[in-house]
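J.: Take a look and give me a structure for this.
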Amino acid sequence: MIGSRLTACLAALVASVSLGAVQAQELAVPEKALVCMACHGPGGHSIQPLTPHLAGQSARYIYLQLRDIQEGRRLNPLMTAIVAGLTRDDMREIGEFFAAQKPAPQTFKADPAKAQLGKTKTEEALCTMCHLGGFAGQNEVPRLAGQHFDYVVKELKDFKGHVRTNDAGTMTSVVDTLSDTDIDNIAHYLAEL
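T.: Numbers count the residues shown, from 1 in each chain. Modelled structure (predicted):
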């Protein structure tokens, strides 16, 4: 799976080299962020279902995730190699760039019944206490509105399975109360926001 994702990212990088040069001039893209766009898409608008959108994510959250991956607190073999040589200033610059990008309108077609059940479950679990109304995120808490359905499912299951543990236990304690059906419903709700 990592091999196919790496191949897809490398193909996207090759295809976006000229686009990246244009964007670097038009958007003042930091050089280190060009590498990110190979997988996370131009301006942080990912087209890969398991790769998160970075556009509109908080700069602090992006910085912390890059640092956690670099220091081994968040496991992601593909990203580990990419962030290995980044400095703290590089990570901050990358975070600030993607935070300044506007999220793209979503095209995901949620099942309305599942999305409503997901909305109800997020209200029961008090998700907006941290992720804020509209799931816009804040500081260290990620923006979830409009994230890919598959990515949301994967991350929630990783928290539930204790595969992802760089959250000080907050997400793990919430997700431990969710069923796989709840996770599916929540992903329907968040992906269409």
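J.: domain assignment for this structure?
T.: As recorded under automatic domain parsing, the domains making up the chain are 2-99, 112-191.
J.: Residue 118 - nearest residue in space that isn't next to it in sequence?
T.: Spatially, and ignoring its direct neighbours in sequence, residue 118 is nearest to residue 189 (3.1 Å; Cβ to Cβ, 6 or more residues apart in numbering). Using the backbone N, CA and C atoms, a C-beta is placed for each residue, glycine as well.
J.: and that neighbour, what pLDDT?
T.: Here, the pLDDT recorded for residue 189 equals 98.
J.: quick one, phi psi at it?
T.: The phi and psi torsions at residue 189 (degrees, to the nearest 10) take the values phi -70, psi -50.
J.: Begin at 59, not 1, for the rest of this chat.
T.: Got it, the first residue is 59 from now on, which makes the last one we talked about residue 247.
J.: about what we covered before: residue 164 is nearest to which of the domains of the chain?
T.: With respect to residue 164, and counting by Cβ to Cβ, the nearest of those is domain 170-249 at 4.5 Å.
J.: Now find how far off-centre the closest one is within its chain.
T.: Between the centre of domain 170-249 and the centre of its host chain there is 12 Å, according to Cα atoms, centre = their mean, to the nearest Å.
J.: Which stretches in this structure count as helices?
T.: 60-73, 75-85, 89-98, 117-128, 135-141, 146-157, 170-182, 186-189, 207-218, 228-233, 238-249 (DSSP state H).
J.: Residue 198: which of those helices is closest?
T.: With Cβ to Cβ as the measure, helix 117-128 is the member of the helices of the chain nearest residue 198 (5.7 Å).
J.: Summarise which helices and strands the closest one is packed against.
T.: With contacts taken as 3 or more Cβ pairs under 8 Å, 6 or more residues apart in numbering; DSSP states H and E, helix 117-128 sits against helix 135-141, helix 146-157.
J.: The spatially most central residue of the chain: what's it in contact with?
T.: Of all residues in the chain, the one closest to the mean position by Cα atoms, centre = their mean is residue 110, 3.3 Å from it. If a contact means Cβ atoms under 8 Å, 6 or more residues apart in numbering, then residue 110 has 98, 104, 205, 206, 209 as its contacts.
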